[in-house]
Structures are given as structure tokens and as C-alpha cells.
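S.K.: can't give you the sequence, but here's the structure:
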Ligand code: SAH
């Protein structure tokens, strides 16, 4: 933990500037989300060669042509998902593990399951989470489109790769009153938040203008 404090210190100014920027542009409004971002310094989730870019508000390549998501987008998706202590969450597309770490912080004693199709990225994410001592997250190497029926239903589902439409299999694994967020579309996506209700799925939010790597 001392190690973490010391290392965050080195990047403190850049982190503070990024946080201010996200607040000023309306992407960060919830102090719980701010805390979760601060507790999971982004440079822990980047390869050595690009750690110095960790506090840029942009996606950054990690490996296998995949990227760690843009901080303002991670913040917005986390806020929209309206996470509560103790919830069980499924993430599709572990990538670096950064979003997963933030979700893990948000649910406290709850649990995150995250699925990644690239073995090397799944291992990278696993190591990054271990380095921060995160214990309530499980990384699974596999096809996220299938979800994780044996652990369903989930209170929350977050898809962090662009899908043409939200996979029905994942919608089926959502708990009643649960929320699912996903970037939907081809070149440019809309961020869509839906809720499962006794009368069916209801769209809560839909905002254009996001770009994610594709769900394959
Ligand atoms: N959440 C990540 C960023 C995700 S980038 C982070 O915080 O860093 C999207 C990820 O989805 C990529 O790592 C990509 O390999 C993965 N992906 C794409 N299609 C997938 C699928 N069908 N199943 C699981 N992972 C998938």
C-alpha cells in the first residue's frame, strides 16, 4: 500500500488535472466514482512503455490491437450503471482490467466477473488487478457474447466493446430491475442503458458519439 501511495504521488498532478477536466465537462459528477477512479490509478493498467500517458483523456493501446478506454467514457459508463454496494456485475471485454477495478471498488463486498477473448489480455488484466490487491473480481478467458449463465442473474452488465445490437443472451442473464449498458452501432456508437422490468426492457439513456473496439 505504501508502494501504491508513493507511485500515485508521482502522477498526482496529472491525475488531479484529469479529474478536474472530467468534472468541468460533465463526465464526472458522482464523488463515489471519483473515489473509485482515484483508488485505481490508471498507470497500473498500462504497459511500462506508455505509463507516462496514463492521465491523458484518450484511449491508449495496450496489446493485441486493443485499447484501455478513455477515462471520461469509463467515468460516464460507471455513473450511468448506478452501482450499489454488494452487487454482482458482469463485464464483457476485460482489456487492461481498469474498468473492472473501478467496478470492483464501487460494489465493495459484491463481485465482478469479467470476460476477455484474448488470453494475453486476460493475463495482463489479472496481473494488474493483483498488483492493486483487488480480490472481488474474477477474469475469465472466453467469448463474452455467451455471458456466464452459471453465475447469472447479474444486477448489472457492462459491455465495453461495440456491438451491432445488444446480445440477447446477455439480456437474459440480467436480474429483474437490473441495468445493462453497452455501446451499440458500427463506426460510431450510441451508449445505451436499459433496465429489465416485469413489462420488458426499457431504455433509460441513449447518447450518440462513442467509439469502441468491436465485440467479436
Ligand atoms: N474494459 C477495458 C477496455 C475494453 S476494450 C479496459 O478497462 O481496459 C474491449 C475489449 O473487449 C478488448 O480487450 C477485446 O479483446 C474484448 N473483446 C472483444 N470481443 C470480445 C468477446 N466476444 N468476448 C470477450 N471479450 C471481447
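M.R.: On my side now, so go ahead. Please read all numbers here as calculations on a predicted model, not as lab measurements.
S.K.: Just the buried residues of stretch 183-201, please?
M.R.: 183, 184, 185, 189, 191, 192, 193, 194, 195, 196 (16 or more other CB atoms under 10 Å). In short, each C-beta sits where N, CA and C put it, glycine included.
S.K.: Specify which member of those residues is nearest to the ligand.
M.R.: Nearest to the ligand among the buried residues of stretch 183-201: residue 183, at 9.7 Å, using CB to the nearest ligand atom.
S.K.: What is the strand or helix carrying the closest one packed up against?
M.R.: Using DSSP states H and E, residue 183 maps to strand 174-184. With contacts taken as 3 or more CB pairs under 8 Å, 6 or more residues apart in numbering; DSSP states H and E, strand 174-184 sits against helix 71-80, strand 154-159, strand 189-197.
S.K.: among those, which is nearest the ligand?
M.R.: helix 71-80 (6.6 Å).
S.K.: Downstream of that closest one, the next helix or strand is which one?
M.R.: Taking DSSP H and E, what comes next after helix 71-80 is strand 88-92.
S.K.: Can you point out the buried residues in the strand holding residue 183?
M.R.: So, applying 16+ other CB under 10 Å, buried residues of strand 174-184: 174, 178, 179, 180, 181, 182, 183, 184.
S.K.: Wait, residue 124 touches residue 66, no?
M.R.: No: shown here, residue 124 and residue 66 do not form a contact pair, counting by CB atoms under 8 Å, at 9.7 Å.
S.K.: Compare the two (neighbour count), which wins?
M.R.: residue 124 (24 against 20; other CB atoms under 10 Å).
S.K.: what sits against that one?
M.R.: Residues near residue 124 by CB atoms under 8 Å, 6 or more residues apart in numbering: 62, 63, 96, 97.
S.K.: Which strands or helices does the worst-scoring helix or strand of the chain on mean pLDDT pack on?
M.R.: Lowest on mean pLDDT, DSSP states H and E among the helices and strands of the chain sits helix 2-24, with a mean of 80. When contacts are defined as 3+ CB pairs under 8 Å, 6+ apart, helix 2-24 packs onto helix 31-39, helix 71-80.
S.K.: Determine which of these approaches residue 147 most closely.
M.R.: Comparison of these against residue 147 by CB to CB identifies helix 71-80 as nearest, at 18.1 Å.
S.K.: got the angle between that closest one and strand 174-184?
M.R.: Note on geometry: by axes from the mean of the first three to the mean of the last three CA atoms, to 10 degrees, helix 71-80 and strand 174-184 are set 160 degrees apart in direction.
S.K.: other SSEs contacting helix 71-80?
M.R.: Against helix 71-80 (3+ CB pairs under 8 Å, 6+ apart) you get helix 2-24, helix 31-39, helix 98-107, strand 174-184, strand 189-197, strand 200-210.
S.K.: touching the ligand at all, whichever helix or strand comes after the third one?
M.R.: It stands for helix 98-107. Using DSSP H and E, the helix or strand that follows helix 98-107 in sequence is strand 111-116. Yes: shown here: strand 111-116 in contact with the ligand (CB under 6 Å from any ligand atom) through 115, 116.
S.K.: Strand 111-116: what's the following helix or strand?
M.R.: With elements assigned by DSSP H and E, the helix or strand that comes after strand 111-116 is helix 119-131.
S.K.: What residues sit buried inside that following helix?
M.R.: Applying 16+ other CB under 10 Å to helix 119-131 flags 121, 122, 124, 125, 126, 128, 129 as buried.
S.K.: now the angle between helix 98-107 and the helix or strand that comes right after that helix, please.
M.R.: Going down the chain from helix 119-131, the next helix or strand is strand 137-141, by DSSP H and E. Note on geometry: by the same axes, to 10 degrees, strand 137-141 and helix 98-107 are set 150 degrees apart in direction.
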